[in-house]
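**Student:** give the three-dimensional model of this entry:
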Amino acid sequence: MMNRQIWKDRKIHKGNFFIGDGIIDEERWEQATTKVLFIMKEAYESSEEVLTEWNLNDYLKQKSLKELAKPMWWSMAQWLKGINYLSNTN
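**Tutor:** Have a look, this model is predicted:
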């Protein structure tokens, strides 16, 4: 697994308010026969209200889809459900 600190310390990220990410549920990831990777566009926090760096996977582990209330998360969940269904029926 990639060490977040090594990734964050890369020259390209220096001086930016970095948002870490990674596997949300490592146990389920290891058990999954089909592994899906979503690559998201934003790597940096731009909100002036946020004062400390944070990790997206830690944030997502603490929230339900209803709490997230963003169409993007619902879409990702639906894509994952469909991919898992298709891979299990072949």
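
**Student:** show me what counts as buried in the host helix or strand of W29.
**Tutor:** According to DSSP states H and E, W29 maps onto helix 26-31. In terms of neighbour count (16 or more other CB atoms under 10 Å), helix 26-31 has no buried residues at all. Using the backbone N, CA and C atoms, a C-beta is placed for each residue, glycine as well.

**Student:** and that helix, how far out from the chain middle?
**Tutor:** Relative to its chain's centre, helix 26-31 lies at 14 Å (CA atoms, centre = their mean, to the nearest Å).

**Student:** now do stretch 6-14
**Tutor:** Averaging C-alpha positions (CA atoms, centre = their mean) puts stretch 6-14 18 Å from its chain's average.

**Student:** now W29: closest residue in space, sequence neighbours ignored.
**Tutor:** Spatial nearest neighbour of W29, excluding adjacent residues (CB to CB, 6 or more residues apart in numbering): I23 at 4.7 Å.

**Student:** separation between that neighbour and L56?
**Tutor:** 11 Å (CB to CB, to the nearest Å).

**Student:** could you do K63 as well?
**Tutor:** Counting by CB to CB - K63 and L56 are separated by 11 Å.

**Student:** okay, these two: which has more neighbours?
**Tutor:** Neighbour totals were compared for K63 and L56, and L56 leads with 15 against 11 (other CB atoms under 10 Å).

**Student:** not counting its neighbours along the chain, what's nearest that one?
**Tutor:** D21 (4.4 Å).
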